[in-house]
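*Asks:* Turn this into a structure:
(one chain, ligands or ions: 2)
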Amino acid sequence: MITPSLDACGAFVSYLETLFALSMNDLHTMINDFHGDMRTGLSGHEGSLKMLPSFVDKPTGREKGAFITLDLGGTHFRILAVQLDGKGGTTVLGTRQTAVPRKVMQGRGEALFDFMAEGMDAFLTKRGFERTRTYDLAFTFSFPVEPTGVSAGMLIKWTKGFTATGVEGKDVVILLKEALRRKGIDCIRVTALANDTVGTLMARSYRDPSCDLGVILGTGTNACYREKCAHIARLEGAPPEGFMIVNMEWGNFDKVRRTCYDRDLDAASVNPGAMPLEKMVSGMYLGEIARRVLVDAVQRDVLFLNAAGALKRFKRKGSLTTPEMSLIEGDDTSDLAGVHDFLKQKGVSGSSIEDRRLLKRLCGWVSGRGAGLAAAATAAVVTWMDPELKHRHTVAVDGSLFEKYTRFSAKMRAVLTDLYGKKADNIAWVHSRDGSGRGAAIIAAVAATASPQGPGHSSKANFP
Ligand code: ADP
Ligand code: MG
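*Replies:* Ligands and ions are numbered 1, 2, ... in the order given. The predicted structure is shown next:
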């Protein structure tokens, strides 16, 4: 039995703890820096926050009608028919979900859009839609888009394994309209190009007027909020009255203090240098940061000194996931039996209780920092809108990280209380699902109300 040198071990453990800790000063500095980058982005200058206009304001809750949404954002392609009752209620009347075959994701752009048009044709037929009427459609396209209007936007660059040719640099709404025309579908009017973050805010605020922030905490992270049009320089030429939802693309915020583990993770990623905040906060990365710390601790003989197989099992990139971290942190048994079982399943035998305690603390440091950063970013946006925190702000959050990693969301709340004391009660996080479906339908409804032609036929009518 080898025993670790207590001094060396203790020193490394307190080094790590300090490395990942966020002081009050760190949080306040981040909030100030965030405000600075928001200002830069809004003024139309190059900065870490893009601050993209969405061309829609919050719904009033009185929007009514029937809308179709089409959602392309990953491995699945989804069509929904959504009815808005004009009283804050939404009903999904029909849905069709299909996997996007790899050869479609990576073939010709035209074929990808034809694939969606075929899906739409089948959906309309199966659900008995009258082809002589007009239906408003919101297209949720969850890739980086440069928006140019409520129903127009150019794909900047494919992500998530898509490479379909001839799409980058083009307006994806025009490509969709052309494909619908090729398929002979003329009962669809594409009235909105939506995004999951804006959809999340819209889905909640349709029935909750205090909601003015939408946040994604899932594979990635992003946020949007309500801004005065007069503050958005990109809207030059447009009337300055009113408000608009701004998609911040906050995952790219870069005034963050990175550790050696963050720098190594970034260098090994597919997009080095990009999305610094996302790489410290979101589900795709938390487990990988913790794994890198774990491997370092094992190599320094601080962790798993007498447990066989640890280095081998955790050496590979991706071999510790965020859901596993959440499981480790969630084990509250006195002997950490759950962590023991988890390690055994991984092929690590003979862990000591000290090993398991340290592993749990290690996960806590990494997730605690992520939650602290997410909370500070949220605090920055809320105080941008309401510096004295005088009003209630509901933050609609979508994503499995928020929904399932209970320690993570609890820590976010705790950080807001540390920052603002009792006033933090004015910030309420709520889980809001389906921004890319129901939320997108609400975007289409708001766009239809605001459009000079007025609402389309469908928004006055019910579906068959
Ligand atoms: P997406 O962001 O792609 O729409 P989700 O919102 O479901 O999808 O988020 C998926 C991410 O959430 C994954 O990267 C995963 O790491 C994280 N996640 C899923 N389940 C859990 C869990 N139980 N605990 C912590 N994180 C989780
Ligand atoms: Mg999602």
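*Asks:* Please list the residues of this protein that sit near ligand 1.
*Replies:* Contacts of the chain with ligand 1, taken as C-beta under 6 Å from any ligand atom, map to 218-219, 283-284, 321-323, 326, 399-401, 404-405. Glycine gets a C-beta too; all of them are placed from N, C-alpha and C.
*Asks:* Let's see that with 8 Å instead.
*Replies:* Contact residues (C-beta under 8 Å from any ligand atom) of the chain with ligand 1: 73-74, 196, 216-220, 282-284, 286-287, 321-323, 325-327, 398-401, 403-405, 408.
*Asks:* how about stretch 431-440: buried residues?
*Replies:* 432-440 (16 or more other C-beta atoms under 10 Å).
*Asks:* start to end distance for that stretch?
*Replies:* End-to-end distance of stretch 431-440 (C-alpha to C-alpha, to the nearest Å): 17 Å.
*Asks:* Need the contact partners of it.
*Replies:* With C-beta atoms under 8 Å, 6 or more residues apart in numbering as the contact definition, stretch 431-440 has outside contacts at 67, 69, 71, 73, 78, 80, 82, 90, 92, 95, 138-140, 142, 192, 194, 196-204, 214, 216, 396-398, 402-403.
*Asks:* OK, now which residue of the stretch 1-150 of the chain is nearest to ligand 1?
*Replies:* Proximity of the stretch 1-150 of the chain to ligand 1 (C-beta to the nearest ligand atom) peaks at residue 74, 6.3 Å away.
*Asks:* what's near enough to touch that residue?
*Replies:* Residue 74 neighbours (C-beta under 8 Å, 6+ apart): 142, 160.
*Asks:* now swap in the one 3 residues further on and tell me
*Replies:* For residue 77, the set of contacting residues under the criterion of C-beta under 8 Å, 6+ apart consists of 70-71, 97-100, 115-116, 119.
*Asks:* Determine which two of the residues you listed are furthest apart.
*Replies:* 70 and 99 (15.2 Å; C-beta to C-beta).
*Asks:* Mind checking which of the two has more residues around it?
*Replies:* The residue with more neighbours, out of residue 70 and residue 99, is residue 70; 27 against 10, by other C-beta atoms under 10 Å.
*Asks:* tell me which element that one falls in.
*Replies:* strand 64-72 (DSSP states H and E).
*Asks:* could you say what helices and strands that strand packs with?
*Replies:* Applying 3 or more C-beta pairs under 8 Å, 6 or more residues apart in numbering; DSSP states H and E, we find strand 64-72 packed against strand 76-85, helix 109-126, strand 135-141, helix 440-450, helix 457-460.
*Asks:* Make TSV out of those and add mean pLDDT.
*Replies:* Listed next are those as TSV, based on pLDDT from 0 to 100:
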stretch	mean pLDDT
strand 76-85	94
helix 109-126	97
strand 135-141	95
helix 440-450	91
helix 457-460	46
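*Asks:* what's the closest of those to residue 416?
*Replies:* Per C-beta to C-beta, nearest to residue 416 of these: helix 440-450, 27.1 Å.
*Asks:* Give me the angle between that closest one and strand 135-141.
*Replies:* In terms of direction (axes from the mean of the first three to the mean of the last three C-alpha atoms, to 10 degrees), helix 440-450 departs from strand 135-141 by 130 degrees.
*Asks:* Just the buried positions in helix 440-450, please.
*Replies:* Of the residues in helix 440-450, those buried (16+ other C-beta under 10 Å) are 440-449.
*Asks:* Report the angle between that helix and strand 64-72.
*Replies:* If you take the same axes, to 10 degrees, helix 440-450 sits at 130 degrees to strand 64-72.
*Asks:* Is residue 97 within a helix or a strand, and which one?
*Replies:* Applying DSSP H and E as the criterion places residue 97 in strand 90-99.
*Asks:* now the strands for the protein?
*Replies:* Assigned by DSSP state E, the strands in the chain fall at 52-53, 64-72, 76-85, 90-99, 135-141, 145-149, 152-155, 188-194, 211-217, 221-228, 243-247, 393-398, 427-431.
*Asks:* Run through who's touching the first one.
*Replies:* If I follow you right, that is strand 52-53. With C-beta under 8 Å, 6+ apart as the criterion, strand 52-53 contacts 146-147, 232, 234-235, 244, 246-249.
*Asks:* Now the buried members of these.
*Replies:* For these, buried by 16+ other C-beta under 10 Å: 147, 232, 234, 244, 246-249.
*Asks:* What is the lowest-pLDDT residue among those?
*Replies:* Least confident of those in the model: residue 234, at 87.
*Asks:* residues in contact with it?
*Replies:* Here residue 234 is in contact with 44, 53 (C-beta under 8 Å, 6+ apart).
*Asks:* Would you agree residue 326 is in contact with residue 411?
*Replies:* No. Counting by C-beta atoms under 8 Å, residue 326 does not reach residue 411; the two are 11.9 Å apart.
*Asks:* Name the residues contacting each of the two.
*Replies:* Both residue 326 and residue 411 are contacted by residue 367, under the criterion C-beta under 8 Å, 6+ apart.
*Asks:* picking that back up, looking at the buried residues of helix 440-450, which one is closest to ligand 1?
*Replies:* residue 440 (13.9 Å).
*Asks:* Give the burial count for the nearest residue to residue 121 once chain neighbours are set aside, as a bare number.
*Replies:* Excluding the flanking residues, the one nearest residue 121 by C-beta to C-beta, 6 or more residues apart in numbering is residue 183, at 5.4 Å. Residue 183 has 17 neighbours, counted by other C-beta under 10 Å.
*Asks:* residue contacts, residue 16?
*Replies:* When contacts are counted by C-beta under 8 Å, 6+ apart, residue 16 touches 293, 297, 362, 365.
*Asks:* Can you give me the buried ones in the longest helix anywhere in the chain?
*Replies:* Ranked by residue count, the top helix of the chain under DSSP state H comes out as helix 353-385. Using 16+ other C-beta under 10 Å as the test for burial, helix 353-385 gives 355-356, 358-360, 362-384.
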